[in-house]
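A.B. asks: Fold the following.
(one chain, ligands or ions: 1)
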Amino acid sequence: MLAWTVDHSSPSLLALREVPDPVPGPHDAVVQVRAFAPNHGDLESLPSLPDGTIPGWDAAGIVVAEASDGTGPRLGRVVSSLGPDGAWAQQRLVTAESVGIAPAGADPDVMSVVPVAATSALRGLRRLGPVLGRRVLVLGGTSAVGLFAVQLAARSGAEVVATTRNPAARERLVELGAHEVIASPSDLGEEVSGVLDLLGGPHLARAFARLAPGGTLVALGHAAGEEERFGYGDLFGDAGRHDRSLSTFFLGAETDLGPDMTWLATEIHEGRLDPVVAAVRPWRELPDVFGAGTGRSYGKTVLTVE
Ligand SMILES: NC(=O)c1ccc[n+]([C@@H]2O[C@H](COP(=O)([O-])OP(=O)(O)OC[C@H]3O[C@@H](n4cnc5c(N)ncnc54)[C@H](OP(=O)(O)O)[C@@H]3O)[C@@H](O)[C@H]2O)c1
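C.D. replies: Numbering: from 1, shown residues only. Coordinates of the predicted model:
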């Protein structure tokens, strides 16, 4: 099969080459990959992966061989599959635990956005507890994870505040369910009960300062690429600042993701969740998608596999 593999001699760190087809174990089904959707984290991980690795966490495709132990998705089903690695290839092995099963007729291009972005948003929000009637801040609302988090928090009954540095993105965030869009947590009026943080850095400390008593900040992303610093007094619990907590999050440590991915795939297919696809391009253009000067549009870029 053809696959994008890590190649440190290439300026993009990637080379499209012929590699052996994957050999399934008893618990593996084989998926013909139809589309994959790169993540911020995929790009960041490339330099540390050995030559020859097939990168990529998210892919969607059609099951072409079932697992011999009888588990996992059935032949012909469209599935969303979660890594680590192995997504940017014509075939991928999946297990029952690593797939969401899409409804019949689902478009694999669209299903490829489910694994990391949508599932992280769902699991990150759950850490905030019930949000019905509560104010929730999505810090980094235009990130791929943030665009799903805004929608899911609004559907859960939260009053959603989202941040973006880009005034042109406000309308899109409101369309997805944000009640208020601000540039920075420093602009928050009332306190919030929960924060889903995709930015980190100084934004995290500023948002933590605006948490109501008993509130939780989930540190899910670090897109700002800056240090987090707390000053003396920032973690005091007096004067209405008691019982605030900070939780770190890693999707790779989450378990039983299959049912949630199946639910997300269904919500997207049935039009209740916007898949936030920014562009669909042929997979041979992958290095251009990652390359400098390609421009930045919000949402996921999907690469279609021939
Ligand atoms: N822990 C996990 O398991 C997990 C899972 C998924 C993702 N992540 C992490 O979550 C983060 C978001 O990922 P993604 O793929 O959704 O991101 P993304 O689509 O690349 O978006 C990043 C967003 O951050 C904002 N941003 C970037 N630099 C900033 C800065 N210096 N200050 C303020 N805002 C800035 C931009 O928004 P504006 O231009 O609108 O301001 C941009 O839309 C990444 O750090 C990723 O690694 C972690």
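
A.B. asks: Now stretch 132-147: average pLDDT?
C.D. replies: Summarised as a single mean, pLDDT over stretch 132-147 is 98.

A.B. asks: what about the nearest residue to R281 once chain neighbours are set aside, helix or strand, and which?
C.D. replies: Distance criterion C-beta to C-beta, 6 or more residues apart in numbering; nearest residue to R281, sequence neighbours excluded, is L303 at 5.8 Å. Glycine gets a C-beta too; all of them are placed from N, C-alpha and C. Assigned by DSSP states H and E, L303 belongs to strand 300-304.

A.B. asks: what about that strand, near the ligand?
C.D. replies: No: using C-beta under 6 Å from any ligand atom, strand 300-304 stays clear of the ligand, with a minimum separation of 7.8 Å.

A.B. asks: how many neighbours does the residue nearest to R281 have?
C.D. replies: The number of residues packed around L303, counting by other C-beta atoms under 10 Å, is 25.

A.B. asks: List the residues that contact it.
C.D. replies: By C-beta atoms under 8 Å, 6 or more residues apart in numbering, the contact list for L303 reads A35, F36, A37, P38, W88, V280, R281, P282, W283, E285, L286, V289.

A.B. asks: Tell me the confidence at the third one?
C.D. replies: At A37 the predicted local distance difference test score is 96.

A.B. asks: show me the contacts for it.
C.D. replies: D58, A59, S112, V113, A117, K300, T301, V302, L303.

A.B. asks: Go ahead and confirm the fourth one touches V302.
C.D. replies: I take that to be V113. Yes: at 6.8 Å, V113 counts as touching V302 under the criterion of C-beta atoms under 8 Å.

A.B. asks: returning to what we had before: which among the contacts of L303 end up buried?
C.D. replies: A35, F36, A37, P38, W88, W283, L286, V289 (16 or more other C-beta atoms under 10 Å).

A.B. asks: follow-up on the earlier one: are there residues contacting both of V113 and V302? Which ones?
C.D. replies: By C-beta under 8 Å, 6+ apart, the residues touching both V113 and V302 are A37, V277.

A.B. asks: on that earlier part again, bridge partners for the residue nearest to R281, pull those for me.
C.D. replies: Beta bridges link L303 to F36, R281 when assigned by DSSP bridges.

A.B. asks: Use 57 as the first number for this chain going forward.
C.D. replies: Okay, using 57 as the starting number, the last item reads as L359.

A.B. asks: just checking, next helix/strand downstream of the helix or strand that contains L208?
C.D. replies: Per DSSP H and E, L208 falls inside helix 200-211. Downstream of helix 200-211, the next assigned helix or strand under DSSP H and E is strand 215-219.

A.B. asks: Now find how far off-centre that next one is within its chain.
C.D. replies: 18 Å (C-alpha atoms, centre = their mean, to the nearest Å).

A.B. asks: Walking through the stretch 107-256 of the chain, point out its strands one by one.
C.D. replies: According to DSSP state E, counting those that start in this stretch, the stretch 107-256 of the chain carries its strands in the segments 114-121, 134-138, 147-150, 155-157, 191-195, 215-219, 236-238, 248-253.

A.B. asks: hmm, who's touching stretch 301-317?
C.D. replies: 136, 138, 140, 152-157, 170-172, 174-176, 178-180, 183, 264, 271-276.

A.B. asks: same for the ligand: which of these are within range?
C.D. replies: Answer for those near the ligand (C-beta under 6 Å from any ligand atom): V172, S176, L276.

A.B. asks: Am I right that the first one is in contact with N95?
C.D. replies: To tie it back to what came earlier, the one meant is V172. Yes: between V172 and N95 there is a contact under C-beta under 8 Å: 4.9 Å.

A.B. asks: shared neighbours of those two, which are they?
C.D. replies: Here V172 and N95 share the contacting residues W113, D114, A200, scored by C-beta under 8 Å, 6+ apart.

A.B. asks: who does the helix or strand hosting L342 touch, helix- and strand-wise?
C.D. replies: Assigned by DSSP H and E, L342 belongs to helix 342-346. Helix 342-346 sits against strand 70-74, strand 356-360, with contacts defined as 3 or more C-beta pairs under 8 Å, 6 or more residues apart in numbering; DSSP states H and E.

A.B. asks: let's see it at 10 Å
C.D. replies: Counting contacts by 3 or more C-beta pairs under 10 Å, 6 or more residues apart in numbering; DSSP states H and E, helix 342-346 packs against strand 70-74, helix 96-101, strand 333-338, strand 356-360.

A.B. asks: which residues touch whatever residue of the chain ends up closest to the ligand?
C.D. replies: Distances between the chain and the ligand by C-beta to the nearest ligand atom are smallest at G277, namely 2.2 Å. Residues near G277 by C-beta atoms under 10 Å, 6 or more residues apart in numbering: 96-97, 176, 180, 195-196, 199-202, 252-256, 260, 305.
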